[in-house]
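A.B. asks: What shape does this take:
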Amino acid sequence: MAKAAAGTVDMAYERLRDKLVAFDVKPGERLNESEIAADLAMSRAPIREALNRLVADGMVSLEPGRGFFCRKLSVREITDLYDVRLDLETGALVVVLSSATDAALAAFVGKWRAELARGESLSLDELVSADEAFHLELAAMAGNGPRMKFLHNINDRIRFVRRINLEAPDRNGEALAEHARLLEAIAVRDWKTAVETLREHLARSTDEVRLMVQSALARIYADDVA
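C.D. replies: This is a model prediction of the structure:
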C-alpha cells in the first residue's frame, strides 16, 4: 500500500488530536479507523499513520489484535506530567534569566503585564489559552527546540484537567497573582524568587491531581448520566 501523502496525514493528525485533547472521544474508547475515515472523508491509510503518530505522542494506545484506543485519564500519569512540566519550565527559566537580553525580558514583561491587566475579563477558554501561551513563550526564550516539543506534548495531554482546575474562581485569581509575581521577579532577574514562584504556581500534589481527574471524568461522562 502506498504511503499516504504527508499533508493528508498532517490534517488527519491535527483533527484527531483536537478531538482527543478535548476528550470528544471518551477515555478507553476504541477508535474505529473506518468510521474515522468516513467522518474525515479520507482513506484509511492517512488515518492509520495519524493514529500511530498519536500513539507516539501518548494520546492513543495500541492494543495488538484489538486496535487503537483513546488514552485513559490516570492520576499517576497526570501527576508525572505536571512534575516533568515543572522540571522543564524551571530549567528554561534559569537559562532565560541568565542569557536573555534586557530588551527581550522587557518586551516579555511588558506584553504580559498588559495581558494580566485584562485577565479577569477573559472567558475560561481565553484564560486557558493565555495561561498556556505565557508559559510557552517564556520557555521558548531559552532557545531549546526539543524542550519546547516536550512542553507542547505535555500541554496537549494535561489541557483538559488544567482547564477544569482554572474553572474555580479562587484558582483564577491565584493564577493571575502568581503570574504577576513571576513577572516582577523576571523584570529584575531575581532568579531565586522567580524559580520559587514558578514552582509554587506549577506544583500539584497527588491529592489535588486526583480531584482534578475526578472532576474531568465527571465532565466527560456528564451526558451519559443526564
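A.B. asks: all contacts plus neighbour counts: C-alpha atoms, from now on.
C.D. replies: Will do.
A.B. asks: got the contact list for Arg85?
C.D. replies: Leu151, Ile154 (Cα atoms under 8 Å, 6 or more residues apart in numbering).
A.B. asks: mean confidence score for the strand or helix carrying it?
C.D. replies: Assigned by DSSP states H and E, Arg85 belongs to helix 75-99. Per-region confidence: helix 75-99 scores 97 on mean pLDDT.
A.B. asks: Sort out which residues of that helix are buried, please.
C.D. replies: 75, 78-79, 81-83, 85-86, 88-90, 92-97 (16 or more other Cα atoms under 10 Å).
A.B. asks: Over to stretch 18-32?
C.D. replies: For stretch 18-32, by 16+ other Cα under 10 Å, it's Leu20, Val21, Phe23, Val25, Lys26, Pro27, Arg30, Leu31.
A.B. asks: mind giving me the domain split of this protein?
C.D. replies: The record's domain split for the chain, according to automatic domain parsing, is 6-70, 75-222.
A.B. asks: what pLDDT, on average, does the shortest one get?
C.D. replies: Per-residue confidence for domain 6-70 averages out to 95 on the pLDDT scale.
A.B. asks: From the opening residue of that domain to its closing one, how far?
C.D. replies: Chord length of domain 6-70, first to last residue, is 23 Å (Cα to Cα, to the nearest Å).
A.B. asks: all numbers from here: first residue = 29
C.D. replies: Taking 29 as the first residue, the last one we looked at is domain 34-98.
A.B. asks: Tell me who's in contact with the residue most central in space within the chain.
C.D. replies: Residue closest to the average C-alpha location in the chain (Cα atoms, centre = their mean): Asn183, at 1.5 Å. By Cα under 8 Å, 6+ apart, the contact list for Asn183 reads Glu160.
A.B. asks: Distance of it relative to Ala213?
C.D. replies: Relative to Ala213, and taking Cα to Cα, Asn183 is found at 24 Å.
A.B. asks: Ser62 too?
C.D. replies: To Ala213, Ser62 is 53 Å away according to Cα to Cα.
A.B. asks: pretty sure Pro55 belongs to a strand, no?
C.D. replies: No. Applying DSSP: H, G, I helix; E, B strand; the rest coil, one finds Pro55 to be coil, outside a strand.
A.B. asks: Tell me the secondary structure at Arg191.
C.D. replies: Applying three-state DSSP: Arg191 is helix.
A.B. asks: burial of it, as a residue count?
C.D. replies: Per other Cα atoms under 10 Å, the neighbour tally for Arg191 reads 17.
A.B. asks: what's the answer for the one 10 residues further on, then?
C.D. replies: Other residues within reach of Gly201, judged by other Cα under 10 Å, total 13.
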